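> Show me the folded form of this:
(chains A and B)
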Amino acid sequence: MIIVNYVVAVLLLVLGLYAVCTQKNLIKVVLGLGIIDYGINLLIVSVGFNDGGTAPIFTISDLLNGISSNFFVDPVPQALTLTSIVIGACVDAMALALVIMIYRKYKTVNADEVRRIRG
Amino acid sequence: MISVQHFPVIAVMGLFLCAFLVEIFGAKNKFIRNTIVLIAAAGAFALIASLIKPVLLNGEIISYWMGNWEPVSGYAIGIGYEIDALNMFFALLVVTTILLAAIYSIKYMARDHHLGHYYTLFLMLSGSVLGLVLTGDIFNMFVMIEIMTFASVALTAFRNNKFGALEAGFKYLIIGSIGSSMTLAGIALLYAQCHTLNMAQISAALTNSLTPTTVLAFALMFAGFGVKSYIVPFHAPAAEAYMTAPTSISMVFSGMVNKAGVYGMIRLVYVIFRAMDLAPLQLILATFGTVTMFIGVTMALAQHDFKRLLAFHSISQIGYVITAIGLGTVLGLEAGLFHAMNHTLFKGLLFLTAGAVLYAAGTTDLDKLGGLSKKMPKTTVCFLIGAFSISGLPPFNGFASKWMIYQATYEKAATTGNFAYAFVTIVALVVSVMTLASFIKVTQAVFFGQLPENLKDVREVPLLMRVPMWIMSVLCVLSGVFYNVVEKYLLTPAANAAFNVTNYIDKMMGDGTAAAAGVTNITVDGATLSLWNPILWLVLFAIVLIAVCIVVLTGENTRGRVLAKTENDSEDGKYATFFGGEKSTHSHVAGSDLFWGFKHDFKGYFKFIQGMHSGVVSDYALWAVVATALIVVLMFVFVH
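You can find the predicted model right below:
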């Protein structure tokens, strides 16, 4: 049932935000960002889903012969999801690279101690 | 002969292409590297500037479909670029900033290593912001936002041996990603409702149909663009990024990256949702703007670092812009656009002078600087022009736009009868005064006062760094003196474009689409500008003078007497000598501490607000999430 997808997507989003806001370990904060991404990816892909639809591969004559759009899954959200996955991977990679640099410099990954700029 | 409609996409692609060319060919050779960067920046400037005539003067709208994928039976399939006067206005700001920052970088960054990487990131950032303001496709906009965030983060942490650069980059990345995730979720929900990603088609489809899904999408995208324009409470990472990034990049951040957020906000509320006739939404935007300008300026008063101080002023000025565009009136939008433009000019100029100070003296700590006006007179003049502009002194440009904002908010209060807008006017005035105070402090601490012993050998910065500063200074004065020219050729077309959405939709989706969807133009009855009438100004001046005289004459005469001792007297020499004055010939109050009395009086507030900026990434993330939740609730309760 498609409603499950939406519920899980929102749950993942909230869980990710919760992790970002409460976790003090910087690596866990980055994992939280990843979970937010997964939630949104699930949301986008569910938007284009058609129950029982086929892959969106048709020739133009198939379409002209009256195959209704309800028979296939919307391909645009899938393309968006792919883009979003790639971007999410980049965000995680970059954030983790920064965490490694911070660890080398500050000798800690505790958010409460990585706060030289404040006030 | 390439027709003019190809120019925008060539400008964007050219910047991206040169970003890679610079890394391939220019990593070792300085000359090739600089040539590629300057060609890319000047090329983008020339291509966008050549669109001034058709778009701004003739009022045309330029549309471009990637790969010629035009709409089929009313559905946009391909990615479209659409340039009307509104994004043309922002594109001009962007290309000007790119060109000046590129020129400035050549000398300023010359002492750094790995400059190939620097210029790659710089050109990626430039291309993404230009693409963001030119695109007509909402998902393309999201991709550009992400490229912008990556490039910004990498550039923030570029001088990673500097104080705090890494943590600033990390915080920027976390908060920025939360913002772009919200935008993406909003885009997904919009797609679910409208089955298209083209902004013109979405705008047509959303006529009179605010369902719960679209309201949620609106709230999420509102929060997303709020993050990108760094309104309070999303502002904390921005202040750190501006401080630690190389100064040429700080200028780019405050000149175009946060303008991209402002552009997104205007596009969202005026064009995509056309929601600015809703009174609650106007009040929400004005409230966010007012809080932003106040918290920004009070935080700036408490800073001891030149660049961090400028960063908080940047946030404060964006508050003005958001307040003005939130009024939903023609005058308000024009005032907001004008102030956005002026902010690009004077804040860019101020950051460049801060960069010059850093380049020459090696520090931006206000406590360690002083007396540089003798060593760097030309930089000092540029700084003073920028400081006068941002503080709103006539005849500089900041005065003209701030005056428009006061007028717009006051008119709004008069027409709606809502006292809240009059309060906004008062806050805007007070913030302007505090901005002036804060810049007096900077002027005293950096350029006047005593020259420290270790800065004896400071020399004026090279010519190539001064040229962008002079260009910006001249533009600051010109746009202040000839405000009516700016108003006629830049602001009015842009504001018209934001209010008249039918042309935007018809050009993209074919004639008659807007009419079929029931979109009607909002009649624009021309802004009635009574911009700074000199007689009114004199009257105001006389009133203030009389008020001062009354206070002085009726107040208790305290001169020459020691005021009641505070508990700090014994601990800190500056309190004692400042009041007594007899023992020491020179005051212990340093230039950067000029307003210690003011801060002392409000120390409860300052302690609280400085404590809030704790520097912990989870705290900042919590602000962002709470603010997003608040925006969602507000939109559901008030906007439907």
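> can you map out the helices along chain A?
A:2-22, A:26-47, A:60-64, A:75-106 (DSSP state H).
> in the last one, what's buried?
Using 16 or more other CB atoms under 10 Å in any protein chain shown as the test for burial, helix A:75-106 gives A:76-78, A:80-81, A:83-84, A:87-88, A:91-92, A:94-95, A:98-99, A:101-102, A:105-106. (Each C-beta comes from the backbone N, C-alpha and C, glycine too.)
> hmm, back to that, where among the helices of chain A is average confidence lowest?
Lowest mean pLDDT within the helices of chain A: helix A:60-64, at a mean of 70.
> Just the CA trace of it, in PDB.
Written as PDB, here are the backbone C-alpha positions of helix A:60-64 (Å, rounded to 0.1, in the frame of the first residue of the first chain):
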ATOM      1  CA  ILE A  60       5.100   6.600 -29.800                       C
ATOM      2  CA  SER A  61       2.600   4.300 -31.600                       C
ATOM      3  CA  ASP A  62       1.900   2.500 -28.300                       C
ATOM      4  CA  LEU A  63       1.000   5.800 -26.800                       C
ATOM      5  CA  LEU A  64      -1.100   6.900 -29.800                       C
END
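> contact partners of it?
Residues from elsewhere that reach helix A:60-64, judged by CB atoms under 8 Å, 6 or more residues apart in numbering or on different chains: none at all.
> residue furthest from the geometric center of chain A?
Largest separation from the mean C-alpha position in chain A: A:Asn65, at 37.3 Å (CA atoms, centre = their mean).
> Tell me the helices and strands packed up against whichever strand or helix holds B:Val291.
Element membership of B:Val291, judged by DSSP states H and E, is helix B:279-301. Under the contact criterion of 3 or more CB pairs under 8 Å, 6 or more residues apart in numbering or on different chains; DSSP states H and E, helix B:279-301 touches helix B:306-325, helix B:397-416, helix B:419-442, helix B:603-612, helix B:617-638.
> and those, which is most packed in?
Comparing these by mean neighbour count (mean count of other CB atoms under 10 Å in any protein chain shown), helix B:306-325 ranks first with a mean of 28.
> Just want the angle from it to helix B:279-301.
Counting by axes from the mean of the first three to the mean of the last three CA atoms, to 10 degrees, helix B:306-325 lies at 160 degrees to helix B:279-301.
> Going by contacts, tell me the helices and strands next to helix B:306-325.
In terms of contacts (3+ CB pairs under 8 Å, 6+ apart), helix B:306-325 is packed against helix B:236-244, helix B:247-252, helix B:258-266, helix B:279-301, helix B:330-361, helix B:397-416, helix B:419-442.
> which regions of chain B lie under the pLDDT threshold?
Across chain B, the ranges flagged by pLDDT under 70 are B:1-2, B:521-538, B:541, B:552-592, B:640.
> residue in it nearest to chain A?
Of all residues in chain B, B:Gly615 sits closest to chain A, at 3.1 Å by CB to the nearest CB.
> Now B:Leu384. Nearest residue, chain neighbours left out?
Leaving aside its sequence neighbours, B:Leu384 sits nearest to B:Thr443 (CB to CB, 6 or more residues apart in numbering or on different chains; 7.1 Å).
> Go through the one helix or strand B:Val227 maps to and flag the buried ones.
Using DSSP H and E, B:Val227 falls within helix B:212-228. Residues B:214-228 are the ones in helix B:212-228 that count as buried (16+ other CB under 10 Å).
> Tally up the residues packed near B:Ala42, please.
15 (other CB atoms under 10 Å in any protein chain shown).
> what about B:Tyr81, neighbour count?
Using other CB under 10 Å: B:Tyr81 sits among 23 other residues.
> Validate this expectation: it resides in a helix.
No - counting by DSSP: H, G, I helix; E, B strand; the rest coil, B:Tyr81 falls outside a helix, being strand.
> Spatially nearest residue to it (excluding sequence neighbours)?
B:Tyr81's closest residue in space is B:Tyr64 (CB to CB, 6+ apart), at 4.3 Å.
> After the helix or strand hosting B:Phe7, heading C-terminal, what element do we hit next?
Assigned by DSSP H and E, B:Phe7 belongs to helix B:7-25. Next in sequence after helix B:7-25, counting helices and strands by DSSP H and E, comes helix B:30-49.
> which strands and helices sit next to that following helix?
Applying 3+ CB pairs under 8 Å, 6+ apart, one finds that helix B:30-49 contacts helix B:7-25, helix B:85-108, helix B:115-134.
> Show me what whatever helix or strand comes next after it is in contact with.
Downstream of helix B:30-49, the next assigned helix or strand under DSSP H and E is strand B:62-65. The contact list for strand B:62-65 (CB under 8 Å, 6+ apart) reads B:4-9, B:51, B:54-55, B:78-83, B:136, B:507-508.
> Report the distance from strand B:62-65 to the chain centre.
On the basis of CA atoms, centre = their mean, to the nearest Å, strand B:62-65 sits 28 Å off its chain's mean C-alpha point.
> Pull out the buried residues from it.
B:62-65.
> got the CA positions of that strand in CSV?
What follows is strand B:62-65, C-alpha atoms only, in CSV (Å, rounded to 0.1, in the frame of the first residue of the first chain):
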residue,chain,number,x,y,z
ILE,B,62,13.8,35.5,-23.1
SER,B,63,13.0,31.8,-23.0
TYR,B,64,15.3,28.9,-23.8
TRP,B,65,14.6,25.2,-23.9
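> residue closest to the middle of chain A?
Closest-to-mean residue, chain A, CA atoms, centre = their mean: A:Asp37 / 2.1 Å.
> can I assume that residue is in contact with A:Ser84?
Yes - with contact defined as CB atoms under 8 Å, A:Asp37 counts as touching A:Ser84 (6.9 Å).
> Give me the contacts around stretch B:419-433.
With CB under 8 Å, 6+ apart as the test, stretch B:419-433 has contacts from B:283, B:286-287, B:289-290, B:293-294, B:297, B:316, B:319-320, B:323, B:327, B:391-392, B:402, B:405-406, B:409-410, B:412-413.
> Tell me how many other residues crowd the residue lying closest to A:Leu15 once chain neighbours are set aside.
What sits nearest to A:Leu15 in space, not counting adjacent residues and going by CB to CB, 6+ apart, is A:Ile35, at 5.7 Å. The local packing of A:Ile35 (other CB under 10 Å) involves 19 other residues.
> What is the burial count for the residue lying closest to B:Leu278 once chain neighbours are set aside?
Excluding the flanking residues, the one nearest B:Leu278 by CB to CB, 6+ apart is B:Val639, at 5.6 Å. For B:Val639, the neighbour count with other CB under 10 Å is 18.
> what's the spacing between B:Val639 and B:Ala219?
As judged by CB to CB, to the nearest Å, B:Val639 and B:Ala219 stand 8 Å apart.
> In which helix or strand does B:Pro395 reside?
Using DSSP H and E, B:Pro395 falls outside every helix and strand.
> Surely it is in contact with B:Val477?
Yes - using CB under 8 Å, B:Pro395 is in contact with B:Val477, at 7.5 Å.
> neighbours of the residue of chain B closest to chain A, just the number please.
Using other CB under 10 Å: B:Gly615 sits among 20 other residues.
> do the same with B:Lys375
B:Lys375: 18 neighbours (other CB under 10 Å).
> Shouldn't it be within a helix?
No - counting by three-state DSSP, B:Lys375 is not found in a helix; it is coil.
> Quickly check: stretch A:111-119 near chain B or not.
Yes - contact between stretch A:111-119 and chain B, assessed by CB under 8 Å from any CB of the partner chain, occurs at A:111-112, A:114-119.
> Any idea how far apart the tips of that stretch sit?
End-to-end span of stretch A:111-119 (CA to CA, to the nearest Å): 16 Å.
> Next, the buried residues of that stretch.
A:111, A:114-115, A:117, A:119.
> Make a markdown table from those and add pLDDT to it.
Putting these into a markdown table (pLDDT from 0 to 100) gives the following:
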| residue | pLDDT |
| --- | --- |
| A:Ala111 | 89 |
| A:Val114 | 87 |
| A:Arg115 | 87 |
| A:Ile117 | 84 |
| A:Gly119 | 75 |
